[in-house]
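S.K.: Turn this into a structure:
(one chain, ligands or ions: 1)
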Amino acid sequence: MTLVMGILNVTPDSFSDGGRFLGVDEAIAHAHALAASGADIIDVGGESTRPGATRVTSEAEQVRVLDLIQAIALPTLPTISIDTMNASTALAAVAAGVRIVNDVSGGLADPDMLPAVATTDADIVLQHWRGHSADMYARAHYDDIVSEVIGELAARTQAAVDAGIPRERIILDPGFGFGKEPADNWLLARELSRLTAQGHRVLVGTSRKRMIAEVAGAGERDTDIATAVTSVLAAQAGAWAVRVHDVATTRLALRTWRAWTGSGEGS
Ligand SMILES: Nc1nc2ncc(COP(=O)(O)O)nc2c(=O)[nH]1
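M.R.: Now for the predicted structure:
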């Protein structure tokens, strides 16, 4: 069953919910709300990756996320993932109870990341990436985006295995957005089953991105409905999980899809 990863960004400038949950108390409350909405995983992020975002130090990132993680790393709450490109933050987060390291750079931003995760028992998301937000669009040219993304993720997978991370702990992500033009993203979405056919779990994150805005316009409700449609299509293509802001709407969409396909009862 396709899992739902709820987004909890504790940054002042995140792409779609910047500044709304910056305080620890608000963030803890939102984590509980995500759980109540049916999140299977809560993805905590302390550094914005929106286009043009400037980097924060790993120390500043850790100040934003570690108290929160300690407060929500409970058996009664969903699995936690840490959305970070910094090895030091990943290690501190795993020590605080995180089970998945979600690295949008696929281990490229910090050369210590893959060896560091190899010393833990955490899973790692290797997302396709071609550079930091500040200049990612400069390197965004693709001749055959599906083949290039699959090929570049295969290289990152090999680097992770070479660093000592067992294959079964690796999750792939095509990295929707991240320097890709909307048309490129829809091409990638159309061929998602070619990535899921690679045999790794695949995480998909389209929520509230430019590719969605292009279809849904600026309204948050329409944006979350359009995101939910992509969640069903990703599930149909074999995605292991979808990363969304509005957990409830995507859960409803996935429940409806399962009723239609008869692919399993329950919520
Ligand atoms: N694995 C993964 N992580 C991510 N983290 C941040 C964002 C940017 O979106 P946000 O700023 O709204 O969180 N997108 C992804 C994504 O697509 N996949």
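S.K.: What is the end-to-end distance of stretch 172-191?
M.R.: For stretch 172-191, the first-to-last residue distance is 15 Å (CA to CA, to the nearest Å).
S.K.: ugh, typo on my part, it should be stretch 170-181
M.R.: Stretch 170-181 end-to-end distance (CA to CA) = 26 Å.
S.K.: Let me see the mean pLDDT of it.
M.R.: For stretch 170-181, mean pLDDT rounds to 94.
S.K.: Any buried residues in that stretch, and which?
M.R.: The neighbour-count check on stretch 170-181 (16 or more other CB atoms under 10 Å) flags 170-181 as buried. For the C-beta atoms, the positions are set from N, CA and C on the backbone; glycine is no exception.
S.K.: Can you tell me which residues in the protein are near the ligand?
M.R.: Residues of the chain lying close to the ligand (CB under 6 Å from any ligand atom) are 7, 9, 14-16, 45, 49-50, 83, 102, 104, 125, 127, 173, 175-176, 203, 205, 208, 243.
S.K.: so which of the buried residues of stretch 170-181 would you say is closest to G262?
M.R.: Checking those against G262 by CB to CB gives I171 as the nearest, at 27.1 Å.
S.K.: these two touch, right, the closest one and A122?
M.R.: No: using CB atoms under 8 Å as the test, I171 is too far from A122 to be in contact (10.8 Å).
S.K.: Spit out the residues that contact those two alike.
M.R.: Here I171 and A122 have I100 as joint contacts, going by CB atoms under 8 Å, 6 or more residues apart in numbering.
S.K.: quick revisit: which members of the residues of the chain next to the ligand occur in strands, if any?
M.R.: Of the residues of the chain next to the ligand, the ones assigned to strands by DSSP state E are 7, 9, 45, 83, 102, 125, 127, 173, 203, 243.
S.K.: Let's see the pLDDT reported for the nearest residue to the last one once chain neighbours are set aside.
M.R.: Across the structure, with CB to CB, 6 or more residues apart in numbering as the measure, the residue nearest R243 apart from its sequence neighbours is G205 (3.8 Å). Per-residue confidence (pLDDT) for G205: 98.
S.K.: what do you get for the one 10 residues further on?
M.R.: The per-residue pLDDT reported for V215 equals 94.
S.K.: in terms of contact, does it touch I225 like I think?
M.R.: No: V215 is beyond contact range of I225, at 10.0 Å (criterion: CB under 8 Å).
S.K.: Make a markdown table from the ones in strands among the residues of the chain next to the ligand and add distance to T54 to it.
M.R.: A markdown table is the format used below for these (distance: CB to CB, whole Å):
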| residue | distance to T54 |
| --- | --- |
| I7 | 20 |
| N9 | 15 |
| G45 | 15 |
| D83 | 17 |
| N102 | 20 |
| V125 | 23 |
| Q127 | 20 |
| D173 | 23 |
| L203 | 26 |
| R243 | 23 |
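S.K.: Most neighbours among the residues you listed, which one?
M.R.: D83 (31 neighbours; other CB atoms under 10 Å).
S.K.: For the one helix or strand T89 maps to, the averaged confidence score.
M.R.: Element membership for T89, per DSSP states H and E: helix 87-95. The average pLDDT for helix 87-95 rounds to 98.
S.K.: elements contacting that helix?
M.R.: helix 58-72, strand 79-83, strand 100-103, helix 113-118 (3 or more CB pairs under 8 Å, 6 or more residues apart in numbering; DSSP states H and E).
S.K.: The residue lying closest to A60 once chain neighbours are set aside and the ligand: what is the separation?
M.R.: Spatially, and ignoring its direct neighbours in sequence, A60 is nearest to G46 (7.8 Å; CB to CB, 6+ apart). Computed with CB to the nearest ligand atom, to the nearest Å, the distance linking G46 and the ligand is 11 Å.
S.K.: thinking G46 is in contact with V65, fair?
M.R.: Yes: G46 lies in contact with V65 (CB under 8 Å); the separation is 4.0 Å.
S.K.: Noted, bye for now.
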